[in-house]
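Novice: Predicted model and sequence follow; I will ask about them next.
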Amino acid sequence: MPSALLIGRFQPFHLGHLDALNKALIENDRVLIGIGSAEDNYTDDNPFTAGERFEMIEKTLQAHEIAPGRYAIIPIRNINNYSLWASHVKLLCPSFESLYTGSHMVKELFQKHAPDIEIKDIEIKHKICATAIREKILQGDESWAKMVPEQVAQYLTKIKVAERLRDIQLPRK
């Protein structure tokens, strides 16, 4: 039963992430979805909590009728030590044979420090970037909602994402 890890920050979970996840699900019996930098939230680069990112992903997978036994969502705290990071991730997750990531740094760290894990390239069908989505939200450009699964757009609207992003942008005293 091959299994894989798809790891990302998912700030927010978007259509590019969903495409990568679908590829991993086609090629594996089970996919572990690692929510990276799980401890970071309410910052410019990481505005959503690990719990919120978990909900975005879970709501999307439920709507796409992906059986819960086919995936597990695992928050992964950062340890700020690159040479130990791949081992840290492997300790937190059930065993997996391959890794799907769009991050060159993650690829390099696993190649160097976890050579037993096969690295799978993600074919990017959607040129989508979570940073651009957050910027569009801040600018009031409603086209951001077409860059995320419908369930994520509904969830972000419900949690008043624009207000959150503006509050984070305010200068701190």
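Specialist: Nice, thanks for sending it over.
Novice: Quick check, residue 61 in contact with residue 71.
Specialist: Yes. Between residue 61 and residue 71 there is a contact under C-beta atoms under 8 Å: 6.4 Å. (Glycine included, C-beta is placed from N, CA and C.)
Novice: any shared contact partners between these two?
Specialist: residue 21 (C-beta atoms under 8 Å, 6 or more residues apart in numbering).
Novice: contacting residues around the residue lying closest to residue 92 once chain neighbours are set aside?
Specialist: Closest residue to residue 92 apart from its sequence neighbours, by C-beta to C-beta, 6 or more residues apart in numbering: residue 76 at 5.5 Å. Taking C-beta under 8 Å, 6+ apart as the criterion, residue 76 is in contact with 7, 34, 35, 36, 37, 38, 88, 89, 92, 93.
Novice: again, only this time at 10 Å
Specialist: 5, 7, 9, 32-39, 50, 85, 88-89, 91-93 (C-beta atoms under 10 Å, 6 or more residues apart in numbering).
Novice: Likewise for residue 63?
Specialist: So residue 63 contacts 149, 150, 151, 152, 154 (C-beta under 10 Å, 6+ apart).
Novice: ok, the fourth one to residue 125 distance?
Specialist: To residue 125, residue 152 is 17 Å away according to C-beta to C-beta, to the nearest Å.
Novice: coming back round to it: sort out for me which of the contacts of residue 76 are in helices.
Specialist: 50, 85, 88, 89, 91, 92 (DSSP state H).
Novice: Check the gap between the residue nearest to residue 92 and residue 101 for me.
Specialist: Distance, residue 76 to residue 101, using C-beta to C-beta: 12 Å.
Novice: what's the answer for residue 158, then?
Specialist: Taking C-beta to C-beta, one finds residue 158 at 29 Å from residue 101.
Novice: Just want to know which of those two has more residues nearby.
Specialist: residue 101 (21 against 8; other C-beta atoms under 10 Å).
Novice: Check which helices and strands the strand or helix carrying residue 166 sits against.
Specialist: If you go by DSSP states H and E, residue 166 is part of helix 161-169. Here helix 161-169 touches helix 130-139, helix 150-158, going by 3 or more C-beta pairs under 10 Å, 6 or more residues apart in numbering; DSSP states H and E.
Novice: And the strands in the protein?
Specialist: 3-8, 30-35, 71-75, 98-100, 118-120 (DSSP state E).
Novice: The last one: which residues count as buried?
Specialist: By neighbour count, and taking 16 or more other C-beta atoms under 10 Å as the criterion, the buried residues in strand 118-120 are residue 120.
Novice: list the helices and strands it packs on?
Specialist: strand 3-8, helix 15-27, strand 98-100, helix 104-113.
Novice: Swap in 6 Å and give it another go.
Specialist: Here strand 118-120 touches strand 98-100, going by 3 or more C-beta pairs under 6 Å, 6 or more residues apart in numbering; DSSP states H and E.
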